[in-house]
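Engineer: with the sequence up front, the predicted model follows.
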Protein chains: 2
Amino acid sequence: MAVSHAPFPAIPAVAGFRLATTACGLKQNGAPDLLLVEMSDPCSVAGVFTRNQVVAAPVTLCRERLPTGTAQALLVNAGNANAANGAQGMQRALTLSRCVADNLQVPESHVFVASTGVIGVPLPLEGPLQAIPQLSARLRPGDWEAAAQAIMTTDTFAKGAVRRFEQAGHPALLAGICKGSGMIHPDMATMLGFLFTDAAVQPPVLQTLLQRAMATSFNSITVDGDTSTNDTVLLFASGRCGAPLLDDPDAAEAEPLATALNSLCQSLAHEIVRDGEGATKFIHVCVSGARTQAEARQVAFAVAKSPLVKTACAGSDPNWGRILAAVGYAGVPIEAERLSLTLGDVPVVAQGGRLPQYHKTQGEAVMQQEEIIIQIGLGLGEASHTVWSCDLTHDYITINAEYHT
Amino acid sequence: MAVSHAPFPAIPAVAGFRLATTACGLKQNGAPDLLLVEMSDPCSVAGVFTRNQVVAAPVTLCRERLPTGTAQALLVNAGNANAANGAQGMQRALTLSRCVADNLQVPESHVFVASTGVIGVPLPLEGPLQAIPQLSARLRPGDWEAAAQAIMTTDTFAKGAVRRFEQAGHPALLAGICKGSGMIHPDMATMLGFLFTDAAVQPPVLQTLLQRAMATSFNSITVDGDTSTNDTVLLFASGRCGAPLLDDPDAAEAEPLATALNSLCQSLAHEIVRDGEGATKFIHVCVSGARTQAEARQVAFAVAKSPLVKTACAGSDPNWGRILAAVGYAGVPIEAERLSLTLGDVPVVAQGGRLPQYHKTQGEAVMQQEEIIIQIGLGLGEASHTVWSCDLTHDYITINAEYHT
């Protein structure tokens, strides 16, 4: 089950990147579970990672390698997170990275790795080590849908997006794939995202632009409030579009890329929520009238995470009392008598109390939609923030009570 | 559905308190929904309330009246929370309180009120106003089970407990009833607790003892992480046991009452978790080796609230990776390589990695029990804290997607 979503888009090849996928036995159902991406030349790389303090070995490895700002290969496996495996976990991540470096004849420090799947089970090496030479021989430009499929775990559909823009007059492309449907929460639980552009950007500038795009996309979604050990978003820039190397994130020439990046990340983040485990509804929680954006965000997350609000959405129940209760415990100082609430386009609460003209049938009509917009006004200031969430259904329980280690 | 629980205990009358219950039409199924308790003389009262900033009118009223430290009546209704009703909500709470004062001929400021049920629906007055004179005429000592039934909402069983102790050589009693099964979280979401003792205690001392008992009982449980607008625990002390008035919470004579209070509150809090909406398992999350108790508590709550841990318990899956992930995002600085984890009596993780001798079948045997003990060692200090939680099941979704406004 999932909220309605668009089919996988037609994403062209992006100059400078070739890829290959295979099934190497990590997924028990025999589905593709290994993705190799090769950069034809050393390219710029930026990355953001989980803030969980229990981190998977591949995250540690990527963090160590990111400061060089240069990447030549990416290996991603699904089916095993290689997390909580102690020193052995890092040894196995290094073994895979070395195998990629040997096969592609690139420096080991330019190889990035990512894993997703069950935690605490040693990562089998035989399958991936056998597959890497074959993948290296089969690299081709542009099959993004196969790449998106190979990194899926409990996802029910492959997720990708593309944006076209111009850098200093040169046509450029930005393609992205991602996975994630449970353990989703800001700081990107069990969320993997890989973005590829032929723009020409210095690594520190790329890092700044990626971090800015996170705030209004991957870091503003929640499925179940759990954050994972493996979250990773990597952005690679090959520079093949022909533009001069961007050296200032605030330069006018950076704007089209920044815009494309924000838009693409938001689109990918929404896909993840639409595929939230068991989700049948897509929920926008828009908080305005806050003193600061941080406070708006905190209130929006309290509402977006509330199991009682999420089950009310599942049941199409305009139970606005639960929404106000979540606002009240968000930890942000509020004035209850200034609160306002609109469900869809139906005003429900003003000055902390139910509007006399509100009828429950109006609220029900909104809550029965597949897309629900909850607008909360705090009446305290000018700041606002939007968080995206999904409903909490029987299928979430089924998936997570049965997704065994 | 609920975790196994003991039958309602035999609780004797407590000197100084008489009660009566009835059905006044607030519950749509016609079940009892109104409880009146009369204190034969002005007695000491202590109270703790929700920290939610959106609070119900009866909570505001109790807070205003608590400073006098004196109570002569308590009126509790179930079926309507009288929350988020604006100024009208307070007017109606005052109307009910005045009606009780008139009928029992006590000062209005000595009447305490509490409500539980749906939020945002105006509290109907006709039923309660008609019922109060009848209840006043039917007051009797000691039917605690009927009292516990009258305050239930989605609870599946009535909750009560009793402790006997001595105050300065005088035999004394402490009886308690409570309700709550959803929106349960520290600071006591949609949780009502009413405690009655014939001990003799000055109000400020009673308040101190009640607050101390909260930390290891009602404020250490979670069902769904939502906190409510109505949570209230009130403790009344009639002084009829004959002991001299206690004027120091740290005096030796206070100890038996303090012990009884801690034990009774913990017992009632456990009953609430056992009746967690949809719960089939009772979970102890014991965190030790923390630098401070506050940090131990924070980690324990992160694990106890995690939907992924709670669904793993529902599915009897020893998915210890999810437990470590929750420890990692709790927001407390940890050292992953010092973590240890024991499920039941089975050591699973030491120094951050899975123990070689651990077999999944051992973990499964633990997780299949109705009572699951999760012990987490942080290896950083000497402080510890335990939080109690329940699993997250299909029935939670059913109850909350269908409990309509």
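Structural biologist: Nice, I can see it.

Engineer: and the strands in the stretch 1-150 of chain A?
Structural biologist: Secondary structure of the stretch 1-150 of chain A, counting by DSSP state E, counting those that start in this stretch: strands at A:17-22, A:34-49, A:70-80, A:111-118.

Engineer: kindly report the same for the stretch 251-400 of chain A.
Structural biologist: A:282-290, A:340-343, A:346-350, A:353-354, A:371-377, A:383-390.

Engineer: the shortest one pairs with which strands?
Structural biologist: This points to strand A:353-354. strand A:346-350 (antiparallel) (DSSP bridges).

Engineer: what about the residue lying closest to residue A:377 once chain neighbours are set aside, neighbour count?
Structural biologist: Excluding the flanking residues, the one nearest residue A:377 by C-beta to C-beta, 6 or more residues apart in numbering or on different chains is residue A:340, at 3.8 Å. To be clear about C-beta, it is placed using only N, CA and C from the backbone, and glycine gets the same treatment. By the measure other C-beta atoms under 10 Å in any protein chain shown, the count of residues near residue A:340 is 19.

Engineer: residue contacts, residue A:340?
Structural biologist: Residue A:340 is in contact with A:289, A:347, A:349-351, A:376-377, A:379, counting by C-beta atoms under 8 Å, 6 or more residues apart in numbering or on different chains.

Engineer: next, count neighbours for the closest residue to residue A:210 other than its chain neighbours.
Structural biologist: Leaving aside its chain neighbours, residue A:210 sits nearest to residue A:46 (4.3 Å; criterion: C-beta to C-beta, 6+ apart). Residue A:46: 23 surrounding residues under other C-beta under 10 Å.

Engineer: and residue A:46, bridged to which residues?
Structural biologist: Bridge pairing for residue A:46 - DSSP bridges - gives residue A:235.

Engineer: likewise for residue A:111?
Structural biologist: residue A:73.

Engineer: that one contacts residue A:75, doesn't it?
Structural biologist: Yes: the pair residue A:111 / residue A:75 is scored as a contact, 6.8 Å apart, by C-beta atoms under 8 Å.

Engineer: overlap of the contact sets of those two?
Structural biologist: Joint contacts of residue A:111 and residue A:75 (C-beta under 8 Å, 6+ apart) are A:97, A:100.

Engineer: once you drop chain neighbours, what's closest to residue A:26?
Structural biologist: Per C-beta to C-beta, 6+ apart, closest to residue A:26 is residue A:79, 3.3 Å.

Engineer: compute the number of surrounding residues for that neighbour.
Structural biologist: Other residues close to residue A:79 by other C-beta under 10 Å number 24.

Engineer: likewise for the one 4 residues further on?
Structural biologist: Counted with other C-beta under 10 Å, the burial measure for residue A:83 works out to 31 neighbours.

Engineer: tell me who's in contact with it.
Structural biologist: A:54-57, A:89, A:115, A:119-120, A:229-230, B:321, B:325.

Engineer: in helices only, show me these.
Structural biologist: Those of the contacts of residue A:83 mapping onto helices are A:57, A:89, B:321, B:325, per DSSP state H.

Engineer: who wins on neighbours among the residues you listed?
Structural biologist: Neighbour-wise, the ones in helices among the contacts of residue A:83 (other C-beta under 10 Å) top out at residue B:325, 35 neighbours.

Engineer: give the buried residues for stretch A:240-249.
Structural biologist: A:240-241, A:243, A:246, A:249 (16 or more other C-beta atoms under 10 Å in any protein chain shown).

Engineer: quick one: terminal-to-terminal distance for it?
Structural biologist: 19 Å (C-alpha to C-alpha, to the nearest Å).

Engineer: indicate the residue of the stretch 1-150 of chain A located nearest to chain B.
Structural biologist: Across the stretch 1-150 of chain A, no residue is closer to chain B than residue A:119, which sits at 2.4 Å (C-beta to the nearest C-beta).

Engineer: helices of the stretch 201-350 of chain A, start to end?
Structural biologist: A:203-215, A:255-274, A:293-305, A:307-314, A:320-328 (DSSP state H, counting those that start in this stretch).

Engineer: many thanks, we can stop here.
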